[in-house]
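Participant: My questions are about this predicted structure, shown below with the sequence.
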Amino acid sequence: MDFQAPPPSPIEIAKTWFDEAEKAVTTENPLAMTLSTCQANGHIASRIVLMKSFSEDGVLFFTNYNSDKANEIEQNNHVALLFHWDVLARQIRIRGRATKVSDDISDEYFASRQRLSQLGAWASDQSKALQNRDALMSRVEELDEKWDGKPIPRPPFWGGYCVSLDSIEFWQGGDGRLHDRLKYTFDQAWSLTRLQP
């Protein structure tokens, strides 16, 4: 990106940065992101999730709707996302509102997952206490036998969220910690603010 003459919209820049991260980052999950939510007591909770797509509509990810993160989103759907790529000295921060996607979108993605991941979605009561790993793996085996030779349906408690693009900040590392930072905010149209390092 030309930080001296940035474009009026951040969408294509973000797509380019995500594409470049997928090519440059050698880890298995170059599009892993930190998702931060607000708990009922006002504390902030963060965890890593995987971005599955990015568009003008927002950032798409999938999870268990009974998980802590989903319960927190149910109470307050304002969330923050952070992508950081050390090898590129870049990060993207996104703030927005997380809303559930349609059953069709969730069904399509669930059907594309590996069988063990599909079984795991059913077997795991995500975020709840677990007596031991054997109990979890026994549940996986039971479900594997139940659907032996059959397609595994999507659990009704599992699906996607789309996070709206209320603001997007681009951070590019610079020598002497003189970084470049641009923040785009959307309110019927995009506005741009240059931030100090």
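Facilitator: Everything's here; your move. Numbers count the residues shown, from 1 in each chain.

Participant: Tell me the first helix or strand C-terminal of the top strand by length along the chain.
Facilitator: The single longest strand within the chain, with elements called by DSSP state E, is strand 90-100. Next helix or strand after strand 90-100 toward the C-terminus (DSSP states H and E): helix 103-112.

Participant: Show me where this protein has its strands.
Facilitator: Along the chain, counting by DSSP E, strands occupy 32-38, 44-50, 53-55, 58-64, 78-85, 90-100, 158-163, 167-172, 180-186, 190-195.

Participant: And these: which comes nearest residue 133?
Facilitator: Nearest to residue 133 among the strands of the chain is strand 58-64; the distance by Cβ to Cβ comes to 17.9 Å. The way it works is simple: take the backbone N, C-alpha and C, and place the C-beta from them, glycine included.

Participant: Partner strands of that closest one and their direction?
Facilitator: Applying DSSP bridges, strand 58-64 is found paired with strand 53-55 (antiparallel), strand 158-163 (antiparallel).

Participant: what does the longest one rub up against?
Facilitator: If I follow you right, that is strand 158-163. Contacting residues not belonging to strand 158-163 are listed as 52, 57-65, 73, 79, 81, 94, 96-101, 103, 105-106, 109-110, 121 [Cβ atoms under 8 Å, 6 or more residues apart in numbering].

Participant: Just the C-alpha atoms of that strand, please, in CSV.
Facilitator: Extracted C-alpha coordinates of strand 158-163, given in CSV (Å, rounded to 0.1, in the frame of the first residue of the first chain):
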residue,chain,number,x,y,z
TRP,A,158,-22.6,-25.1,15.2
GLY,A,159,-22.2,-22.4,12.5
GLY,A,160,-20.8,-19.2,11.3
TYR,A,161,-20.5,-15.6,12.2
CYS,A,162,-19.9,-12.6,10.0
VAL,A,163,-18.1,-9.6,11.6
